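In: Next come a sequence and a model predicted from it.
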Amino acid sequence: MEMTPMAPKCGVEISGVSLAGCSDSEMQAIKQAIYEHGVAVFRDQDFSPEDHIAFAKRWGGIDINAYFPLDPAFPEIALVKKAPDQQTNIGGAWHTDHSYDQVPAMGSILVARVLPPSGGDTLWAHMGAAYDALSDELKERIEGLEAFHTADHVYKEGGIYAQTDQGSDLRGQDVTTGAVHPVVIRHPQTGRKLLYVNTAFTIRFVGQTREESLPLLMELTQAALREDNQCRLEWKPGTVAIWDNRTTWHNAMNDYHGHAREMHRITLTGEPLAA
Ligand SMILES: O=C(O)CCC(=O)C(=O)O
Ligand SMILES: [Fe+2]
């Protein structure tokens with residue numbers, strides 16, 4: 001197994017391993033690499049839906065996403081898709097999956113099934129690198145702060161997605177979510193300090209209104225999205241990406257209008273987060 005960084009501070013490409021048939025020690029090394037680098041990319045994988053589910057179960061538990069359509073044959077698999085006539089994609093803004101859950105998903109395993117002729121890249125940003133690069137003054141201001149996360153304004157009836165052409169495919173429009181997490185968490189496995197707010201689901205700091213929270217949220221967002229915290233993946237047939245939702249944010253480029261893109265996602269169960 002060989003590991004090559006995708007960018008100086010985020011992402012690693014892992015070659016020389018078949019995800020469907022990896023050994024326990026390879027699995028352990030893959031997990032550790034993802035905890036550290038935030039996302040790992042595997043090329044030329046022969047990875048059926050059955051392999052996808054078996055690998056996720058080997059890693060730990062599977063969380064079923066409440067909103068995206070599920071594969072009718074494999075309900076553990078969420079379909080992240082955009083049809084040629086749709087304008088809106090899923091995940092087309094910086095976010096981390098499931099931070100609106102009190103026990104947020106550890107990560108996701110995304111498999112390319114249908115790709116546009118070009119475009120549709122995915123970007124990740126490393127929140128450990130983001131935290132490290134904050135000024136001492138900013139680090140002090142967020143020390144001990146907690147934030148409230150919810151998906152209600154995004155996925156609920158009348159929310160952002162319901163108003164788009166993805167709305168008719170959306171499940172769970174009656175689901176209510178809300179969770180409180182520290183603004184700076186320790187990675188449960190590596191212990192590294194990570195900035196844990198995101199633009200999609202973090203709506204305010206605890207003890208503050210949305211209006212009071214916005215200036216600091218925007219300052220943190222700007223700091224988090226420094227170019228040098230990021231990496232970019234150009235998908236190819238057979239590409240699989242596995243990311244850590246605590247360590248990273250991600251953003252799916254929506255630059256392939258008129259073409260289909262379909263990805264299979266399994267969401268991995270996580271654990272409660274602490275400062
Ligand atoms: O389609 C992608 O590249 C990622 C979409 C996304 O945000 C997700 O699957 O969580
Ligand atoms: Fe996502």
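Out: All right, it came through fine. Numbers count the residues shown, from 1 in each chain. Ligands and ions are numbered 1, 2, ... in the order given.
In: Torsion angles phi and psi at Tyr35?
Out: Note on Tyr35: backbone dihedrals following degrees, to the nearest 10 are phi -60, psi -40.
In: Find the residue closest to it in space, skipping its chain neighbours.
Out: Gln189 (4.7 Å; CB to CB, 6 or more residues apart in numbering). C-beta coordinates here come from the backbone N, C-alpha and C atoms, glycine included.
In: residues near the one you found, how many?
Out: By other CB atoms under 10 Å, the residues close to Gln189 number 16.
In: which secondary element of the protein has the worst mean pLDDT?
Out: Ranked by mean pLDDT, DSSP states H and E, the weakest helix or strand in the chain is helix 152-155, scoring a mean of 86.
In: The residue in the stretch 101-250 of the chain positioned nearest to ligand 2 pairs with what?
Out: As assessed by CB to the ion, ligand 2 sits closest to His250 within the stretch 101-250 of the chain, at 5.6 Å. For His250, the beta-bridge partners are His95, Trp124 (DSSP bridges).
In: Kindly provide the distance from it to Gly258.
Out: 24 Å (CB to CB, to the nearest Å).
In: pLDDT score assigned to Ala156?
Out: Wrong residue type there; residue 156 is Lys, not Ala. Looking at Lys156, its pLDDT stands at 83.
In: The residue of the stretch 1-150 of the chain at minimum distance from ligand 1: neighbour count?
Out: Residue of the stretch 1-150 of the chain nearest ligand 1, by CB to the nearest ligand atom: Gly91 (2.1 Å). Counted with other CB under 10 Å, residues neighbouring Gly91 total 20.
In: quick one, phi psi at it?
Out: phi 80, psi 20.
In: That one: what's it in contact with?
Out: Gly91 makes contact with 80, 122, 250-252, according to CB atoms under 8 Å, 6 or more residues apart in numbering.
In: if we go to 10 Å?
Out: 68, 80, 97, 108, 110, 122, 200, 250-254, 263, 265 (CB atoms under 10 Å, 6 or more residues apart in numbering).
In: how far away is the residue nearest to Gly167 when sequence neighbours are not counted from Val197?
Out: Among residues not flanking Gly167 along the chain, Tyr161 sits closest, at 6.0 Å (CB to CB, 6+ apart). From Tyr161 across to Val197, the span is 21 Å (CB to CB).
In: neighbour-wise, which of these two wins?
Out: Counted by other CB under 10 Å, Tyr161 and Val197 do not tie: Val197 has more neighbours, with 26 against 20.
In: And the helices in the stretch 151-275 of the chain?
Out: In the stretch 151-275 of the chain, the helices defined using DSSP state H, counting those that start in this stretch lie at 152-155, 210-224.
In: out of those, deepest packed?
Out: Most buried of those, by mean neighbour count (mean count of other CB atoms under 10 Å): helix 152-155, with a mean of 18.
In: How about that one and ligand 1, touching?
Out: No - under the criterion of CB under 6 Å from any ligand atom, ligand 1 is not reached by helix 152-155; the shortest gap measures 11.7 Å.
In: could I have that helix exported to CSV, CA atoms only?
Out: What follows is helix 152-155 as a C-alpha-only set of coordinates in CSV (Å, rounded to 0.1, in the frame of the first residue of the first chain):
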residue,chain,number,x,y,z
ASP,A,152,-34.1,22.4,9.4
HIS,A,153,-33.5,25.5,7.2
VAL,A,154,-31.9,23.2,4.6
TYR,A,155,-34.1,20.1,4.3
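In: And the residue of the stretch 151-275 of the chain closest to ligand 1?
Out: Counting by CB to the nearest ligand atom, the stretch 151-275 of the chain gets nearest ligand 1 through Ala252, at 3.5 Å.
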